[in-house]
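**Student:** this is a predicted model, with the sequence first.
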Amino acid sequence: PLKDKCFMTREGWWTYELCHRKKVSQFHSQLQRKGGAADSGAESTVFTRTSEHSLGNFAEVNIEMPPDPSKESPVLNYSFVGGTPCGEGANQVARSSEVLYRCSLGRSLIDAVHSVRETSLCRYQIVFVTILLCSDADKQRHEERTKRNLEERMRQSVEEQRRAEALASQLKDTPLSN
């Protein structure tokens, strides 16, 4: 389901793009106005990529199994290497990324880049969340948590309704003064 898909997220000045099992890149997105045909006079606005850097190409994947797979989902750790050179002189290194694919329940129900951080100079860690990695136990815990939250909201709503009815009753019984 993730094959041939790319996902983007914006973190401050940078936009990050993760193309599943292909590449990771960062770029600045800049708004640019483009003139229309000479006779139409119309202008359009487009985003263009500037300052684009490769954060690596797909190299390998490792599976980190939890101690108890019935209670936790595995984490897929994808390595991306050989990105745009970074640094000065002898300290120059190729940018690289580690992408951790995790269960999305409790964060989001859609496939998405959850976070990006530069762990050290020119090395990035990206957390990608997807429901595809969620175990049955994860799904059951999520359903139970959702049910508890819904029950709590309903209880609060009933309490608010009772308070509103009590206030309305008090107001009805209170004579208006001139």
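**Tutor:** Sure, I can see it. No experiment lies behind these values; they were computed from the predicted model shown.
**Student:** what's the helix or strand encompassing residue 97 in contact with?
**Tutor:** Element membership for residue 97, per DSSP states H and E: strand 96-103. Applying Cβ atoms under 8 Å, 6 or more residues apart in numbering, the external contacts of strand 96-103 come out as 18, 24, 55-56, 73, 75-83, 114, 119, 122-131, 133-135, 138. Placement of C-beta: from N, CA and C, glycine included.
**Student:** average pLDDT for the helix or strand hosting residue 168?
**Tutor:** Following DSSP H and E, one finds residue 168 within helix 136-173. Mean pLDDT, computed over helix 136-173, is 79.
**Student:** one step back: generate a PyMOL selection restricted to the buried subset of the contacts of strand 96-103.
**Tutor:** Remark: buried members of the contacts of strand 96-103, expressed as a PyMOL selection using 16 or more other Cβ atoms under 10 Å:
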select buried, resi 18+24+55+56+73+75+76+78+80+83+122+123+124+126+127+128+129+130+131+133+134+135+138
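**Student:** so in that sheet, which strands flank the helix or strand just after the strand holding residue 97, and in what orientation?
**Tutor:** Of the helices and strands lying after strand 96-103 in sequence (DSSP H and E), the nearest is strand 112-120. Strand 112-120 sits in its sheet next to strand 123-130 (antiparallel), going by DSSP bridges.
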